[in-house]
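Enquirer: Please find the sequence and the predicted model below.
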Amino acid sequence: MAFPIFVTLLFLISPFFSLFFVVYGLFKSTRYKRYYGFLFALAVGLLVYHIVPTVDLDLYRYYTYLDQLQSNGFLQSISHIWGESDPLSYSFMFVVSSIFNNNAITLLSALIGYCVIFYIIFDYSKLKALDVRNTGILLLLFIASYSIINSFTGIRFALGVCIFLLALYLDVIKKQRTISTILYIISPLFHTSMITLLMIRVAALSFKKSTSLFQYIFIFIIGISTAFLQQISQILSSVPFLNILSSRADVYLQPVFPSGFWYPFNVVVTILLITLLFCIRKKNIINPMILKVNLYVLIVALANVMNFYIANRYIIVGALLFVISFTDIISYLKESSFFATRRILLYISFTVYLAVVIIYLSYQVTYLKQMDYENLTPYSLLENIFTLLAR
């Protein structure tokens, strides 16, 4: 108990200086993992709290829109929000902005996003009886691949994905049907694109076996059919709160393939994940429903590889789903004995895993350094939590 108290006091004195001890506790503690996860999420939140959004970020548009709403009455603003799409996201942002300030939105989004995924990792690791080392492998994969900037400047999508993943986990793994159904229903109210993930969940229910090749070919054909996707989006646009789905589909389905290293690298990783999941689909290693949803999402991403805006979103969701799938894989590996040849393959796979993690972490650091942080200097990073929040 002494170490958590020490870390807490140090965190209050200087959140970023204490980060080393927070991460140490996150990876080494068994009893207080969730608490260290909360502190880690809060530290990330304090960092993104100081981001000054540029005009190309969704966050800039959110702040501008919220400033306009503040000139109206509270009830009038809420009524306006609930007449548009993504009402829960905008209600969340408006209430937080009204009580605190615009910057607090990113802080609380970071808390929600990280804490939800940490809960899934810790809870599933406990169900699978994973030790500290194996849980640490999952944590490292998640922390490296969960893009901080993309997640907390595109708040609506990040919140929607977290709600959907939590619903899927509670539904498939915990068998908590009531709460998972509620979460499924409200996820599109955070971001309309969650309706496509719900359709994928329904499609996964329609195919009984996860080993059938036909279903994956069918999903790929559907995913690559731009005309079909646009037609579906037009039909769904008649549903309340999904009224702009058709216009968004027109944007997302535009052929765009960005230059540079990062997107092609993500596409390669997606292909590797599809190959891995497809090869082990008959071995009963991963929960069949999680396996199908994970593969469906990644296949749709690959089918739209030339449509960056939609592919990139599915790549993000597929990577987060793989954290759950990877839990089953690690559980299987720790209970299996391997011959020399299989050990070599295992070492090669782990080397690839480390390489991917290192590249993802490097990208995170590079991207974070490119952001503009209001009144935040290297020296001010050592200040106490109250001073950081007052900036």
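Expert: Ah, there it is. Fair warning: this is a prediction, and the values are worked out from it, not measured in the lab. Numbering: from 1, shown residues only.
Enquirer: Where does the record place the domain boundaries for this protein?
Expert: For the chain, the domain assignment from automatic domain parsing gives the residue ranges 1-190+371-391, 192-336.
Enquirer: Those: lowest mean pLDDT?
Expert: In terms of mean pLDDT, the lowest-scoring of these is domain 192-336 (a mean of 81).
Enquirer: Buried residues in stretch 141-148, which are they?
Expert: For stretch 141-148, a neighbour-count test (16 or more other C-beta atoms under 10 Å) marks 141-148 as buried. Any C-beta I mention is one placed from the backbone N, CA and C, and that applies to glycine too.
Enquirer: contacting residues for residue 41?
Expert: 110-111, 113-115, 118 (C-beta atoms under 8 Å, 6 or more residues apart in numbering).
Enquirer: How much space separates residue 31 from residue 1?
Expert: Plainly put, residue 31 is 9 Å away from residue 1 if you go by C-beta to C-beta, to the nearest Å.
Enquirer: list residues touching both of the two?
Expert: What both residue 31 and residue 1 touch, as defined by C-beta under 8 Å, 6+ apart, is an empty set.
Enquirer: what about the residue nearest to residue 205 when sequence neighbours are not counted, how many neighbours?
Expert: Among residues not flanking residue 205 along the chain, residue 289 sits closest, at 7.9 Å (C-beta to C-beta, 6 or more residues apart in numbering). Residue 289 has 16 neighbours, counted by other C-beta atoms under 10 Å.
Enquirer: Kindly reformat the domains of the chain as a markdown table containing distance to residue 362.
Expert: Formatted as a markdown table, those follow (distance: least, C-beta to C-beta, whole Å):
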| stretch | distance to residue 362 |
| --- | --- |
| domain 1-190+371-391 | 9 |
| domain 192-336 | 10 |
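Enquirer: and of the ones you listed, who's closest to residue 353?
Expert: Closest approach to residue 353 among the domains of the chain is made by domain 1-190+371-391 (7.4 Å; C-beta to C-beta).
Enquirer: what's the offset of the closest one from the middle of its chain?
Expert: The chain centre lies 10 Å from the centre of domain 1-190+371-391; the measure is C-alpha atoms, centre = their mean, to the nearest Å.
Enquirer: I'd like the next helix or strand past the helix or strand containing residue 106.
Expert: Take DSSP states H and E as the rule and residue 106 turns out to sit in helix 103-127. The first helix or strand that comes after helix 103-127 along the chain, using DSSP H and E, is helix 132-145.
Enquirer: who's in contact with that next one?
Expert: Here helix 132-145 makes contact (C-beta under 8 Å, 6+ apart) with 26-30, 33, 117, 121-122, 125, 130, 319-320, 322-323, 326-327, 330-331, 334, 353, 356-358, 360-361, 364.
Enquirer: Any of those residues buried? List them.
Expert: 26-27, 29, 33, 117, 121-122, 125, 130, 319-320, 322-323, 326-327, 330-331, 356-357, 360, 364.
Enquirer: for the helix holding residue 106, which positions count as buried?
Expert: Under 16+ other C-beta under 10 Å, the buried positions of helix 103-127 are 103-110, 112-118, 120-125.
Enquirer: dump the residue contacts of residue 131.
Expert: With contact set as C-beta under 8 Å, 6+ apart, residue 131 has these partners: residue 334.
Enquirer: oh, and call the first residue 315 from now on, that's how I've got it
Expert: Done: numbering now begins at 315, and the last item shifts to residue 445.
Enquirer: Please report how far it lies from residue 366.
Expert: In this view, residue 445 and residue 366 are 42 Å apart by C-beta to C-beta.
Enquirer: now residue 679
Expert: Distance from residue 679 to residue 366, counting by C-beta to C-beta: 19 Å.
Enquirer: more neighbours, these two?
Expert: Counted by other C-beta under 10 Å, residue 679 and residue 366 do not tie: residue 366 has more neighbours, with 15 against 10.
Enquirer: Alright, that wraps it up for me.
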